[in-house]
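Trainee: Any chance you can model this:
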Amino acid sequence: MESTSDVIIKVADVSKTFKGKDNNVEALRNINLDIMRGDIFGIIGMSGAGKSTLVRCLNFLERPTTGTVYVDGHDLNAMSPAQLRAERLSIAMIFQHFNLLMQRNVIGNVMFPMEIAGVDRKKAKKRAMELLTEVGLADKAKSYPAQLSGGQQQRVAIARALANNPKILLCDEATSALDPTTTKSILALLKEINEKHGITIVIITHSMSVVEEICNKVAIIDKGELAETGKVVDVFSNPQSAAAKKLVFPEGQSSQVASMSSKKCVRIVFSQNSSFEPVVANMVLEFKTPVNILLADTRDIGGIAKGQMILQLPDDEQLADSMLAFLKDRQLEVEVLENYVG
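Mentor: Below you'll find the predicted structure:
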């Protein structure tokens, strides 16, 4: 059981409204969220959903219009500017476009936050080299950002973020500018950092694959509101909200079955073991009646094989009900989708 003492970030009734000359834009509405110590927590949503505004509220780079954020039990809203600056030393951030100082070499970039914090130069240089070794760039210490690839620049940014031993690392679309292979290596590095140092990592992304790759918890933001939150494996296996279902069933997949409909469509979710069993084939043999597979999707979430299918059952109500019972008897999660049209 998780206790309140395990909560490292508590978002309490946070709303954010941006005031314009002609109109106001409500970017966030009444967000309540607990992020536990040691989590790799994903915040996902479509473009314009409010997720980047939310991550900037987590360290009060963006001050909420109403509500507040607690970090390790400390109310950021109650802090003076000096106290807030001190608190931010423990909340590091990395960005999509790296934000490196182009006129400084790699080791100079990593040393920079330590210089601001008043760390002795000799100690700062030693710490910077340790961090560059950790991110695999010790041999690039004297290179300049322009001489590095995008993935290498992001590794420098990660090393710099770790310089002052933060307890939280916020990643705002940190892999969006990278190719898939480089993205995978950066996510693997972040996972190593989480496991080695126990740093809580919050990842803002619009990519399902990023969340699946390393996150253990996820929150889905939709039009400024919290649509759904929970363990990644639970939310992706059995999404409850329309926003979650839209992310789990991408448009490209649903368009394949858009022309098919039935009064009795079901979604079945396979566990780690059952996803490799020929359940559907056995059911067809059992009832000597074919079914249409409208969607089939398997994926690896946190190292666990998960799979799901949407089946179009026969129009015969009695036969369809018998097939439903057959599926449930196999310990599968079964959800009836009324008038499913893709």
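Trainee: Run the chain-centre distance for the helix or strand harbouring V266.
Mentor: For V266, the enclosing helix or strand under DSSP states H and E is strand 265-270. Centroid displacement of strand 265-270 relative to its chain, using Cα atoms, centre = their mean, to the nearest Å, is 24 Å.
Trainee: Low-confidence ranges, the chain, go.
Mentor: 1-5, 249-263, 270-277, 297-307, 338-342 (pLDDT under 70).
Trainee: Sketch out the strands for it, chain order is fine.
Mentor: In the chain, the strands defined using DSSP state E lie at 7-19, 24-36, 40-44, 66-71, 74-75, 91-95, 168-172, 200-205, 217-222, 225-231, 265-270, 292-301, 304-312, 333-337.
Trainee: ranking those by burial, who's on top?
Mentor: When you average the neighbours per residue for each of the strands of the chain (mean count of other Cβ atoms under 10 Å), strand 40-44 leads with a mean of 27. In this view, the C-beta of every residue, glycine as well, is placed from N, C-alpha and C.
Trainee: Check which helices and strands that strand is in contact with.
Mentor: Secondary-structure packing of strand 40-44 (3 or more Cβ pairs under 8 Å, 6 or more residues apart in numbering; DSSP states H and E): helix 51-58, helix 180-197, strand 200-205, helix 208-214, strand 217-222.
Trainee: Okay, now the sheet partners of the last one, with direction.
Mentor: Listed by DSSP bridges, the sheet partners of strand 217-222 and their directions read strand 40-44 (parallel), strand 225-231 (antiparallel).
Trainee: need those strands in a markdown table with distance to N105, can you?
Mentor: Shown next, in a markdown table, are the strands paired with strand 217-222 (distance: least, Cβ to Cβ, whole Å):
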| stretch | distance to N105 |
| --- | --- |
| strand 40-44 | 31 |
| strand 225-231 | 42 |
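Trainee: Of all the ones you listed, which one is nearest N238?
Mentor: Closest approach to N238 among these (Cβ to Cβ): strand 225-231, 9.4 Å.
Trainee: Off-centre distance for that closest one?
Mentor: A distance of 11 Å separates the centroid of the chain from that of strand 225-231, by Cα atoms, centre = their mean.
Trainee: now what about that strand, what contacts it?
Mentor: 28-33, 50, 216-221, 235, 239-244 (Cβ atoms under 8 Å, 6 or more residues apart in numbering).
Trainee: now the angle from the strand holding V266 to strand 333-337?
Mentor: Interaxial angle, strand 265-270 versus strand 333-337 (axes from the mean of the first three to the mean of the last three Cα atoms, to 10 degrees): 160 degrees.
Trainee: what packs against strand 265-270?
Mentor: Against strand 265-270 (3+ Cβ pairs under 8 Å, 6+ apart) you get strand 304-312, helix 317-329, strand 333-337.
Trainee: Dump these into CSV; add distance to A177 as well.
Mentor: Converted to CSV, these look like this (distance: least, Cβ to Cβ, whole Å):
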stretch, distance to A177
strand 304-312, 29
helix 317-329, 43
strand 333-337, 37
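Trainee: how much space between the residue in the chain sticking out farthest from the centre and M323?
Mentor: Farthest-out residue of the chain from its mean C-alpha position, per Cα atoms, centre = their mean: K288, at 43.0 Å. Separation of K288 from M323 (Cβ to Cβ, to the nearest Å): 11 Å.
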